[in-house]
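**Student:** quick check, what structure comes out for this input:
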Amino acid sequence: MRSLQHLGVTIPIVQAPMAGVSTPQLAAAVSEAGGLGSIGVGATDAAGARSMIDAVRARTRRAFNVNLFVHATPQRDAMRERRWIDALRPNFERYGASPPPVLRTIYTSFADDDTMFAMLLETAPPVISFHFGVPTKEKIAALKGAGCLLLASATSLDEARQIEAAGIDLVVAQGWEAGGHRGVFDPAARDDRLGTVALTRLLVTQTTLPVIAAGGIMDGAGVRAALSLGAAAAQLGTAFVACPESSADASYRAALFGEDAHHTIMTSAISGRPARCLANRFTRWGEATGLPAPDYPIAYDAGKALNAAARVAGEPGFGAHWAGQGAPLARSLPAAQLVEILWREALDATPLRDADE
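**Tutor:** Okay, here's the model as predicted:
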């Protein structure tokens, strides 16, 4: 069975491809340091994804990961979308703007994007990962035939078994603590909200796939703990937000090091799918409104428009500031230095202090 080590990844640390954070510069820096850097292309088209892949390859010859969204095709609901627009209207008007008259499907699922598929076959990035589901077995076989190592996120044992049956090479155990979009295959189904520790052990013991633990891991002690659970690697996303190579803006970075970092929240208000982020004006509005959001990514069209209008007026509190529950442990360091420190911490054999000390 192929693994990350077969691709020359010497440090079992994966940088999560968080949208709005991961850049070719960040991915290349992590890979050059011995980990696995990642770029997220779920929010762009095939041309944009190709440009990002080329940008990573211009900076490193090491393996890197390209992440795609495989969500179900969104279902339009004119009544629900109109109620959502009307509910958001006072927020737009507060900043001298109007909501979009009609919401658009701003991202195409990889399941429906044959142009993206053809581009990936041509460019054959070393690693490809999937979120929200898995593509067809035919696409999986073709990508593996092109030499790509395949990963997919699971939030439950059932999802992991679907990933295993599909022929994916490794599974990412995304715990409830993780920042960014929750990787549930069906957002309408019951979510048992398994934490990283329990989920990792379930997948290690009850599937045959190598497991990458993800969710709440911010330092070397967390990496070491994940490996001790039987994981082949640890995936960190929030830990890399404050790196200078990330695309997080000043307000995002300030929030990460402020009080809001202690109060992350899972919300569907921003994009239409559950996602964990720093508490802000948007998350509080979402909690208060109680309305069901339109399908992902239709709701995200409104969320992005509101954030843009608010920012013009100097209000950053409607941004998608994705972050996991370990956010207060964030450090502002260059990505390569952070990877080196994380691994040095993970190798530190110093036992934990006695509780009475």
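
**Student:** mind listing the helices in the stretch 201-350 of the chain by residue range?
**Tutor:** Applying DSSP state H, counting those that start in this stretch to the stretch 201-350 of the chain gives helices spanning 220-228, 250-256, 281-289, 298-312, 335-347.

**Student:** other SSEs contacting the third one?
**Tutor:** Helix 281-289 makes packing contacts with strand 264-267, helix 298-312 when contacts are defined by 3 or more Cβ pairs under 8 Å, 6 or more residues apart in numbering; DSSP states H and E. From N, CA and C alone the C-beta is placed, and that goes for glycine too.

**Student:** quick one: average confidence on the shortest one?
**Tutor:** Mean per-residue pLDDT for strand 264-267: 97.

**Student:** now do the longest one
**Tutor:** For helix 298-312, the mean pLDDT works out to 97.

**Student:** from the rest of the structure, what touches it?
**Tutor:** 74, 76, 81, 84-85, 88, 91-92, 95-97, 99-100, 103-107, 268-272, 281-282, 293-294, 316-320 (Cβ atoms under 8 Å, 6 or more residues apart in numbering).

**Student:** now stretch 146-153
**Tutor:** 2-4, 6-7, 63, 65, 120-121, 124-134, 140, 143-144, 159, 163, 166-172, 174, 183, 212, 214.

**Student:** switch to 6 Å and redo it
**Tutor:** With contact meaning Cβ atoms under 6 Å, 6 or more residues apart in numbering, stretch 146-153 is reached by 2, 121, 124, 127-131, 134, 163, 168-170, 172, 174, 183.

**Student:** Ile128 belongs to a strand?
**Tutor:** Yes: assessed by DSSP: H, G, I helix; E, B strand; the rest coil, Ile128 belongs to a strand.

**Student:** can you report how many residues lie near it?
**Tutor:** As a burial measure, Ile128 scores 25 neighbours (other Cβ atoms under 10 Å).

**Student:** who's in contact with it?
**Tutor:** So Ile128 contacts Val66, Leu143, Cys148, Leu150 (Cβ under 6 Å, 6+ apart).

**Student:** and with 8 Å instead?
**Tutor:** With Cβ under 8 Å, 6+ apart, Ile128 has these contacts: Asn65, Val66, Asn67, Leu68, Leu120, Leu143, Cys148, Leu149, Leu150, Leu151.

**Student:** now do the strand or helix carrying the fifth one: distance to the chain's middle.
**Tutor:** In this structure, Leu120 is located in helix 114-123 according to DSSP states H and E. With Cα atoms, centre = their mean, to the nearest Å as the basis, the distance from the averaged C-alpha position of helix 114-123 to the chain average is 21 Å.

**Student:** send me it as PDB with only the CA atoms.
**Tutor:** This file holds the C-alpha atoms of helix 114-123, laid out as PDB (Å, rounded to 0.1, in the frame of the first residue of the first chain):
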ATOM      1  CA  ASP A 114     -15.200  17.100 -15.800                       C
ATOM      2  CA  THR A 115     -12.900  19.900 -16.800                       C
ATOM      3  CA  MET A 116     -11.200  19.800 -13.400                       C
ATOM      4  CA  PHE A 117     -10.900  16.000 -13.600                       C
ATOM      5  CA  ALA A 118      -9.200  16.300 -17.000                       C
ATOM      6  CA  MET A 119      -6.800  18.900 -15.700                       C
ATOM      7  CA  LEU A 120      -5.900  16.700 -12.700                       C
ATOM      8  CA  LEU A 121      -5.200  13.700 -15.000                       C
ATOM      9  CA  GLU A 122      -2.900  15.900 -17.100                       C
ATOM     10  CA  THR A 123      -1.000  17.600 -14.200                       C
END
